[in-house]
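A.B. asks: Give me the fold of what follows.
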Amino acid sequence: MRFALIGPTYPHRGGIAQYTASLHNALTCHGHEVLVVSFKRLYPSLLFPGSSQTDSSACPIQVPHEALLDSLSPLSWRRASRRLAAFQPDGIVAQWWHPFFGPAYSGLLSRFRRPPSASVVFLCHNILPHERPALPGINSLLNWAARRAFSRADGFLTHSQALVNEIAEIRKGAVVRRIFHPVYDFYSPAGSGRRGDVPHLLFFGNVRPYKGLDVFLRALALVRGEMKVEATVAGEFYVDASPYRTMVRQLGLEQAIRWQDHYIPNEEVPGLFEAADLVVLPYIEATQSGVVPLAYRFGVPVIASNVGGLSEVVHDGRTGYLVPPGQPQALAERIVQYFRENKRSEFEANIEEFRNQLNWGQVVEGLIEVVEAVRAKRLSG
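C.D. replies: Residues are numbered from 1 along each chain as shown. Have a look, this model is predicted:
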């Protein structure tokens, strides 16, 4: 088949860009012809909360692409639609992670005069943002952008049942399939291993309120009342860091935490996970997370909040533990239990078994299944 992928890729940074590149490679390896239509500009600098939108990794994942889209330029949407028409894809796969890009996708797809055999599939990581500005009408605007863009899609592929349910509310009767978020396979082992005898926890990813770093810090203080433990917080702050640093001082955690408060380039990722005994996701809410398969890539068990689709990939008592969201005491109890009962080897074996399902082949198969289901539905209708 001929697939056109729409989404960011290098030099843009982040998990969605890495996913676009990895999906390109997976489709190519399975014998499909792929065109990647990427962005010249994602967010205006005024709207981006991080320090940079560019990947500073020494070893970025790069694939052939054409940077045609500007999220705010209708002229670029027209140019991209013409490129799609010239490519004549069997399937158009649009990465969806924020309704800010809804107008661009709607504009592009409305201008694309696709042949009857071509299917448009949205690959959804989130539907709506976890946090929204407290501005009048913003929720209605975001919902409108998502619904308008989704009306242009024939089918959907996503990574959790929670997202399947959200899509069904927006596009009743649409073709929707769930697949596991795959393991990124481009990381090379660092070979550094654990730092020492003290158990080590890892909180990984950009820091936002919904990710529950405050819950983690309070739990860490409780754990240290029971046993010696250290932690690394690795990721750029997308909010003011000072309340968290104040909390660390108040809880007496200054010597227990190592901060890496910047975007983590690819070459630093393996060392962080190899040094960890446990990855902690104390999220207040979630639909799914790429951090869990990343932890599994390095064989590290996970303790996560039982929210959204996290229970679909964190198997309680087998690959980690699930805890109620927003409860430091419950989180602390599970962390202590994990170390006192020496669960690492048992959980690692279960992770290795489950990890075989988190491959890119199942993404390709799911994508083809959606495309073929859309075709069958079109023919029968």
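
A.B. asks: which parts of the helix or strand harbouring Ile368 are buried?
C.D. replies: Ile368 is part of helix 360-380, with elements assigned from DSSP states H and E. Buried residues in helix 360-380, defined by neighbour count with 16 or more other C-beta atoms under 10 Å: 360, 363-364, 366-368, 370-375. All C-beta atoms are positioned from the backbone trio N, CA, C, and that covers glycine.

A.B. asks: Present these as TSV; the columns should include distance to Phe150 and pLDDT.
C.D. replies: Formatted as TSV, the buried residues of helix 360-380 follow (distance: C-beta to C-beta, whole Å; pLDDT from 0 to 100):
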residue	distance to Phe150	pLDDT
Trp360	25	98
Val363	20	98
Val364	23	98
Gly366	18	97
Leu367	17	97
Ile368	21	96
Val370	14	97
Val371	17	95
Glu372	20	93
Ala373	17	93
Val374	14	93
Arg375	19	88
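
A.B. asks: Farthest-apart pair in these, please.
C.D. replies: Distances among those were taken as C-beta to C-beta; the most separated pair is Trp360 and Arg375, at 22.9 Å.

A.B. asks: pretty sure Asn126 contacts Leu163?
C.D. replies: Yes: with contact defined as C-beta atoms under 8 Å, Asn126 and Leu163 form a contacting pair (7.5 Å).

A.B. asks: Next, show the common contact partners of the two.
C.D. replies: Both Asn126 and Leu163 are contacted by Thr287, under the criterion C-beta atoms under 8 Å, 6 or more residues apart in numbering.

A.B. asks: Domain-wise, how is this protein divided?
C.D. replies: Structural domains annotated on the chain: 2-182+359-380, 200-355, as defined by automatic domain parsing.

A.B. asks: I'd like these as CSV, with distance to Ala190 appended.
C.D. replies: Compiled in CSV, these are given as follows (distance: least, C-beta to C-beta, whole Å):
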stretch, distance to Ala190
domain 2-182+359-380, 12
domain 200-355, 4
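
A.B. asks: Kindly report which one of these carries the lowest mean pLDDT.
C.D. replies: Out of these, domain 2-182+359-380 stands lowest, with a mean of 92 (criterion: mean pLDDT).

A.B. asks: Now do the strands in the chain.
C.D. replies: For the chain, the strands defined by DSSP state E occupy 2-6, 33-41, 66-70, 91-96, 119-124, 155-158, 175-178, 200-204, 230-234, 257-260, 278-281, 302-305, 320-323.

A.B. asks: Nearest to Ala58, out of those?
C.D. replies: Per C-beta to C-beta, nearest to Ala58 of these: strand 257-260, 16.0 Å.

A.B. asks: Can you tell me the strand partners of that closest one and which way each runs?
C.D. replies: Applying DSSP bridges, strand 257-260 is found paired with strand 230-234 (parallel).

A.B. asks: what is the orientation angle of the partner strand with strand 200-204?
C.D. replies: Put simply, strand 230-234 runs at 20 degrees to strand 200-204, going by axes from the mean of the first three to the mean of the last three C-alpha atoms, to 10 degrees.

A.B. asks: Make 27 the first number, not 1, from now on.
C.D. replies: New numbering, starting at 27: the last item is strand 256-260.

A.B. asks: Show me where the protein has its helices.
C.D. replies: In the chain, the helices defined using DSSP state H lie at 41-55, 100-113, 128-137, 164-176, 187-196, 239-250, 268-276, 295-300, 317-323, 354-366, 370-381, 386-406.

A.B. asks: helices or strands up against the first one?
C.D. replies: Pointing back at helix 41-55 there. strand 28-32, strand 59-67, strand 117-122, helix 386-406 (3 or more C-beta pairs under 8 Å, 6 or more residues apart in numbering; DSSP states H and E).

A.B. asks: Dump those to CSV, plus distance to Gly343.
C.D. replies: Shown next, in CSV, are these (distance: least, C-beta to C-beta, whole Å):
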stretch, distance to Gly343
strand 28-32, 38
strand 59-67, 40
strand 117-122, 33
helix 386-406, 24
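
A.B. asks: Any idea which of these gets closest to Arg360?
C.D. replies: Among those, helix 386-406 comes nearest to Arg360, with 29.4 Å by C-beta to C-beta.
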